[in-house]
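**Q** Dropping a prediction and its sequence here:
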Amino acid sequence: MSRRVITEEIWVKIQTPIQFYGCYRSRNSKNIMEAILWKLRTGTPWRDIPNFFVLGKQPTIVERVKGYERRFLTTR
């Protein structure tokens, strides 16, 4: 299973909605999105996300997911 699924073409297309909802906050947002998608595809616990996805602290990914959930679930 490929670990990376967001091509540059896809990333360019999803930047506008991500920014619209206030979810684009840093240069490593693409990497964090890759980690989230990897976790959803594999079903593994957050603590098992491979280190190459984690540029900072691992809790950053979990915090970002919680932020996405708050923004997307409250705007529908």
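**A** Perfect, thanks for sending it. Residues are numbered from 1 along each chain as shown.
**Q** only C-alpha atoms for contact and neighbour calcs from this point on.
**A** Will do.
**Q** Which of the helices and strands in the chain ranks last by mean pLDDT?
**A** helix 59-74 (a mean of 71; mean pLDDT, DSSP states H and E).
**Q** Okay, buried residues for that helix please.
**A** Residues of helix 59-74 classed as buried by neighbour count (16 or more other CA atoms under 10 Å): Ile61, Val62, Arg64, Val65, Tyr68.
**Q** Now flag whichever of those residues is closest to Lys13.
**A** For these, the residue nearest Lys13 by CA to CA is Tyr68; the value is 17.6 Å.
**Q** quick one: that closest one from Ser29, how far?
**A** 12 Å (CA to CA, to the nearest Å).
**Q** returning to what we had before: could you dump the buried residues of helix 59-74 into TSV with distance to Thr7 added?
**A** Shown next, in TSV, are the buried residues of helix 59-74 (distance: CA to CA, whole Å):
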residue	distance to Thr7
Ile61	20
Val62	22
Arg64	20
Val65	20
Tyr68	21
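**Q** all helices of the protein, in order?
**A** Assigned by DSSP state H, the helices in the chain fall at 8-20, 29-42, 59-74.
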